[in-house]
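In: my questions concern the predicted model and sequence given below.
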Amino acid sequence: MKTFGAKLKNLWQRVYWLDGAAAFVAIIGIIEGWFGAAFRTSSLFGFIRFLAIAAAIYLMFRFWSVWRSKLLWSLRNRLIVAYLFIAVVPILLLVSLAVLAGQILYSQLGAYLLYEDINRRLEMLSDSAANIAAAEVTLPATIPQGALEKALAAQASAAHAKELPGLHADFHADVAQLRRIAGPGQNLFVGIVQTGKDLRLVAMRQVDSRRGTNIIALSLPVTEEFLEEIAPDIGSIDVTVAQRVEGDTKGSAVQIGSNNYRAVGRIMTRRRQLQPAQLWVDPVVEGFSKLEATYLINGQSVERQHPVFAFFQARPSQLNRRIFASVGEFSQGKVFGFQLVTGVLLLIEIGALVIGVVLTRAITSTVADLYRATQFVQRGDLTHRVRVERRDQLGLLGESFNSMTGSISGLIEEQKQLQRLENEVSIAREVQNQLFPQKLPVVPGVEIEAICKAARAVSGDYYDFIQLSTTQVAIAVADISGKGISAALLMASLQAALRSLLLAPGSEHLSTAEIVARLNNHLVRNTGDDRFATFFICVYDSGSRLLRYTNAGHLPSLCIADGRSIHLDVGGMVLGIVEDYPFQEGSLQVPPNALLVGYSDGLIEPENVYGEEFGIPRLEDVAMRVQGLAPRSVANALMNAAEEWAGTPEQADDMTVIVARLR
């Protein structure tokens with residue numbers, strides 16, 4: 001295990017100078033964010049904040065690039081990250097969207113309530129002005145003007161004493177003022193009027209009565225007392241009074257449309273407090289409502305659609321009571337139903353999360369067990385087995401792994417046995433090679449060559465050259481039944497028996513029939529009934545040019561001379577079947593410069609693509625074409641011809657050929 005110092009050193013070696021600089025800038029940005037409130041308007045600190053944000057983004061990218069491979073190496077971490085992106089992140093996004101939408105909707109609802117409540121006050125002023133105008137028109141002219149105005153003003157104030165605190169009535173307002181505010185030819189105005197820092201709700205109406213033409217003006221100053229009474233479903237209210245700025249717009253001026261405005265006054269509620277949160281999901285909602293006022297500049301010029309901003313705070317629980325006001329006492333039931341559904345969905349999500357974690361642990365634990373098992377296999381321990389607890393696909397995967405390791409263990413054991421067998425076969429091949437003649441006999445006028453190609457590691461074919469005297473040589477070729485080790489063992493037994501016969505004193509006087517008969521009895525007595533061998537032996541005397549031979553069921557050897565081929569087929573049946581079988585001896589007076597060819601069936605049995613065997617006639621044709629060559633060249637030509645006929649390097653049987661030049 002690495003020590004903490006080694007881990008720290010390794011981490012430091014992987015840190016670039018740019019990483020350190022980014023970390024330093026990010027720390028400076030955090031410090032400025034905590035303690036630099038007094039310098040928020042400084043362009044220098046604004047640039048530092050920008051660099052800190054860029055450095056933080058860079059550090060996040062570097063952290064991800066460095067730790068991504070380690071973080072995602074584990075399958076469990078990969079699944080967790082995938083689950084976060086597939087399930088949790090979309091839910092968080094939806095929740096964030098719902099919270100944002102709720103903030104927007106509740107802020108708009110609060111703005112609407114504030115806006116409508118102010119408009120309702122304007123309608124009250126308009127109705128009161130209309131009632132005063134109607135009363136003045138209908139009342140008799142005999143009533144003193146002063147008493148009439150006092151009574152009508154008192155009636156208007158009493159009718160809306162709570163909603164319109166501080167209402168002021170003017171029965172002789174300036175008609176020019178009405179024209180400036182309402183517009184030329186207009187006899188009525190209802191709206192908000194701003195003069196400097198003062199803000200008022202105004203309703204003006206022209207009245208034509210028996211007493212003459214008067215302008216009735218009802219005005220209500222927007223004060224703290226007024227704000228305390230409007231929109232009771234929201235919390236504190238803050239009205240900002242602004243004026244248009246011409247020329248230099250530096251400082252706190254705000255552009256609205258094509259004009260610049262600066263705050264010149266604030267009207268705030270003092271007694272209204274934001275109620276405590278009903279639930280943990282009852283956040284503070286902040287919003288504003290934009291009102292349009294008629295702005296009198298120096299009491300003369302007029303700016304219509306002058307912006308007035310009313311900021312407020314509220315809680316969703318307060319606004320919900322206004323939303324469900326028409327339902328009455330059933331509103332709590334609807335809210336409770338919504339909360340119940342939300343809780344159920346939350347429980348379902350938690351259950352889904354738990355199920356996802358359980359499934360993830362089930363998958364990753366199986367994979368972890370398999371990984372640990374591979375570590376045991378890598379160390380050469382094939383006895384370790386994976387614990388299988390379920391009968392699902394992962395459990396079957398564990399069983400497959402256990403079966404695989406068991407099979408590998410068996411295969412390794414089989415491989416060891418096969419390797420031992422191959423070693424034994426290799427030794428057998430070396431022993432068999434020692435059984436073949438290691439040097440050619442030296443007989444005047446005789447040249448001998450032989451080639452044996454085994455189909456397997458060891459051969460069942462046998463050939464031998466034994467010099468009997470200075471002028472006599474015995475040539476033998478045999479084909480043992482079967483292939484591989486069993487045939488090689490029988491071949492060794494045959495070779496030992498033959499050499500024991502021919503190397504004994506006086507063997508040069510034995511007939512080939514007698515030699516074959518003795519070998520036959522040896523095989524019958526020492527092998528099973530299903531083992532036999534074809535055998536051909538000849539004894540050539542270079543002094544008399546006499547060739548004596550016996551063919552025991554073997555393919556006829558060829559004696560090629562003077563443009564013709566003589567088949568040497570006199571003899572009898574194969575060896576190892578019938579005891580004391582009477583074999584015959586054939587003889588041939590060999591012409592000068594004759595060619596003796598002995599072979600096994602593997603040389604004539606190869607088939608071409610059409611299923612045709614190479615056969616003895618084709619072997620004779622090739623031998624006659626190359627009979628003038630040296631024995632080694634003739635043997636190679638015969639082998640090549642048979643292999644080219646088959647067209648494949650694979651052998652179906654052992655291939656042996658003996659070529660002797662008898663001069």
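Out: Right, received. Where do you want to start?

In: is it correct that Phe189 falls within a strand?
Out: Yes. The assignment for Phe189, made by DSSP: H, G, I helix; E, B strand; the rest coil, places it in a strand.

In: residues contacting it?
Out: With contacts defined as Cβ atoms under 8 Å, 6 or more residues apart in numbering, Phe189 is in contact with Leu178, Ile181, Ala182, Val202, Ala203, Met204, Arg205. C-beta here means a position set from N, CA and C on the backbone, and glycine is covered the same way.

In: can you tell me how far it sits from Pro165?
Out: 22 Å (Cβ to Cβ, to the nearest Å).

In: also Thr240?
Out: If you go by Cβ to Cβ, the gap between Thr240 and Pro165 works out to 21 Å.

In: now Asn298
Out: Computed as Cβ to Cβ, the Asn298 to Pro165 distance reads 29 Å.

In: who's more crowded, the two?
Out: It is Pro165, of Asn298 and Pro165, that has more neighbours when counted by other Cβ atoms under 10 Å, with 15 against 7.

In: what comes up buried for stretch 303-315?
Out: The neighbour-count criterion (16 or more other Cβ atoms under 10 Å) identifies His306, Pro307, Val308, Phe309, Ala310, Phe311, Phe312, Gln313, Ala314, Arg315 as the buried residues of stretch 303-315.

In: in JSON lines: those residues, plus distance to Thr656 and secondary structure.
Out: As requested, the buried residues of stretch 303-315 are arranged in JSON lines below (distance: Cβ to Cβ, whole Å; DSSP: H, G, I helix; E, B strand; the rest coil):
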{"residue": "His306", "distance to Thr656": "122", "secondary structure": "strand"}
{"residue": "Pro307", "distance to Thr656": "116", "secondary structure": "strand"}
{"residue": "Val308", "distance to Thr656": "120", "secondary structure": "strand"}
{"residue": "Phe309", "distance to Thr656": "114", "secondary structure": "strand"}
{"residue": "Ala310", "distance to Thr656": "117", "secondary structure": "strand"}
{"residue": "Phe311", "distance to Thr656": "113", "secondary structure": "strand"}
{"residue": "Phe312", "distance to Thr656": "113", "secondary structure": "strand"}
{"residue": "Gln313", "distance to Thr656": "111", "secondary structure": "strand"}
{"residue": "Ala314", "distance to Thr656": "110", "secondary structure": "strand"}
{"residue": "Arg315", "distance to Thr656": "108", "secondary structure": "coil"}
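
In: quick revisit: in strands only, show me the contacts of Phe189.
Out: In strands, defined here by DSSP state E, the members of the contacts of Phe189 are Val202, Ala203, Met204, Arg205.

In: what is the burial count for the first one?
Out: When you say that, I think you mean Val202. Using other Cβ under 10 Å, Val202 has 23 neighbouring residues.

In: Thr195 is in contact with that one, correct?
Out: No. Distance between Val202 and Thr195: 10.2 Å, which falls outside the contact criterion (Cβ atoms under 8 Å).

In: quick revisit: pick the one among the contacts of Phe189 closest to Glu224.
Out: Compare each of those with Glu224 using Cβ to Cβ and the shortest gap goes to Val202, at 19.0 Å.

In: ok, back up a step: just curious, which of the contacts of Phe189 is nearest to Phe376?
Out: Using Cβ to Cβ, the shortest approach to Phe376 within the contacts of Phe189 belongs to Val202, at 92.1 Å.

In: can you map out the strands along the stretch 401-550 of the chain?
Out: 446-453, 461-467, 472-480, 533-541, 546-552 (DSSP state E, counting those that start in this stretch).

In: can I get the ones you listed in CSV including distance to Tyr371, mean pLDDT and mean neighbour count?
Out: Compiled in CSV, the strands of the stretch 401-550 of the chain are given as follows (distance: least, Cβ to Cβ, whole Å; pLDDT from 0 to 100; neighbours: other Cβ atoms under 10 Å):
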stretch, distance to Tyr371, mean pLDDT, mean neighbour count
strand 446-453, 51, 91, 19
strand 461-467, 55, 89, 22
strand 472-480, 55, 92, 25
strand 533-541, 60, 94, 25
strand 546-552, 67, 95, 23
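
In: mind checking which of those is nearest Ile408?
Out: Closest to Ile408 of the strands of the stretch 401-550 of the chain, according to Cβ to Cβ: strand 446-453, at 36.1 Å.

In: for the closest one, packing partners?
Out: Contacting strand 446-453 under the criterion 3 or more Cβ pairs under 8 Å, 6 or more residues apart in numbering; DSSP states H and E are the following elements: strand 461-467, strand 472-480, helix 631-646, strand 655-662.

In: output the contacting helices and strands for the second one.
Out: Read it as strand 472-480. If you count contacts as 3+ Cβ pairs under 8 Å, 6+ apart, strand 472-480 packs onto strand 446-453, strand 461-467, helix 484-502, strand 533-541, strand 594-599, strand 655-662.

In: tell me how far that strand lies from the chain's centre.
Out: Between the mean C-alpha location of strand 472-480 and the chain-wide mean there is a distance of 71 Å, by Cα atoms, centre = their mean, to the nearest Å.

In: ok, now the last one?
Out: Here strand 655-662 is found 68 Å from its chain centre; the criterion is Cα atoms, centre = their mean.

In: quick one on the thing from earlier: make TSV out of the helices and strands packed on strand 446-453 and add distance to Ile91.
Out: Formatted as TSV, the entries for the helices and strands packed on strand 446-453 read as follows, by distance: least, Cβ to Cβ, whole Å:
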stretch	distance to Ile91
strand 461-467	82
strand 472-480	82
helix 631-646	73
strand 655-662	79
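
In: isn't there a helix covering Met624?
Out: Yes. If the criterion is three-state DSSP, then Met624 is within a helix.

In: the residue lying closest to it once chain neighbours are set aside: helix or strand, and which one exactly?
Out: With Cβ to Cβ, 6 or more residues apart in numbering as the measure, Ile560 is the residue that lies nearest to Met624, at 5.9 Å, once sequence neighbours are left out. Ile560 is part of strand 557-561, with elements assigned from DSSP states H and E.
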